[in-house]
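A.B. asks: Dropping a prediction and its sequence here:
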Amino acid sequence: MKDEQLAITITDRTKPYQGFRQVEVIDYREDESGITARRELMTGTRAITVVAHDPDLDVLLMVRQFRLGAHIGTGFGMTAEFVAGMIDPGETPEQSVRRELIEETGVSAKCVLPMCRFLTTPGLSDETIDLYYAQVDASDLPEVAGVAHETEQTFPFTVSLEDALQACDDNAIYNGIVMVGLLRFAREYDALIAKAAAL
């Protein structure tokens, strides 16, 4: 099983809104079926998220951060998240991982390994997330972190993989990016630890 390509022709593309994110209105036609449609997409975003793990304590490093969409959608706006952020112009995904870890937790990555790339909401956006694994020392965390000029305030914390997976089972978290990261990490735990040790 895999995603497949479909030939389409884009017949019109406008940008009615550009702010923190960019919205485009796109008209297209499926070449074989002739089906036509208009869709509004949030476009142009590439981001990273990082499963930060302290192998000595065997805990995950996560943050709590206010998300307006979560507040409106579920009522639980202070989401438990992995460190994440948009890739800055001229920056590689790995550089973004290292920068965002410091900004959101005050902790530096000892090593960084790529895991996978995925779409967040393909019906609404072309945003892709590069998921990484990073080893860190989470023994001395600040109470609050973040970048003030980005109106960002994060609250770092640690959690065991077992407790994080239980939160998924209990539907106590709604963030799909966290679910993807947790499930990939649980599946690849031994391989990631071994790869990191070989660096």
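C.D. replies: All right, it came through fine. None of the values given here were measured: they were computed from a predicted structure. Residues are numbered from 1 along each chain as shown.
A.B. asks: Could you chop this structure up by domain?
C.D. replies: Domain segmentation of the chain under automatic domain parsing yields 8-43, 46-198.
A.B. asks: and Met1, which of these is closest to it?
C.D. replies: Across those, Met1 has its closest neighbour in domain 46-198 (14.9 Å, C-beta to C-beta). For every residue, glycine as well, the C-beta is placed using N, CA and C.
A.B. asks: The domains of the chain into CSV, with extra columns for mean pLDDT?
C.D. replies: Below are the domains of the chain laid out as CSV (pLDDT from 0 to 100):
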stretch, mean pLDDT
domain 8-43, 95
domain 46-198, 95
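A.B. asks: most tightly surrounded among these?
C.D. replies: domain 46-198 (a mean of 16; mean count of other C-beta atoms under 10 Å).
A.B. asks: What are the boundaries of the helices in the chain?
C.D. replies: Counting by DSSP state H, the chain has these helices, from start to end: 68-74, 93-105, 161-169, 176-198.
A.B. asks: can you redo these as JSON lines with distance to Asp130?
C.D. replies: Formatted as JSON lines, the helices of the chain follow (distance: least, C-beta to C-beta, whole Å):
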{"stretch": "helix 68-74", "distance to Asp130": "21"}
{"stretch": "helix 93-105", "distance to Asp130": "4"}
{"stretch": "helix 161-169", "distance to Asp130": "20"}
{"stretch": "helix 176-198", "distance to Asp130": "11"}
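A.B. asks: out of these, which comes closest to Ala52?
C.D. replies: helix 93-105 (6.3 Å).
A.B. asks: Which neighbouring elements make contact with the closest one?
C.D. replies: strand 46-54, strand 59-66, strand 83-86, strand 111-119, strand 128-135 (3 or more C-beta pairs under 8 Å, 6 or more residues apart in numbering; DSSP states H and E).
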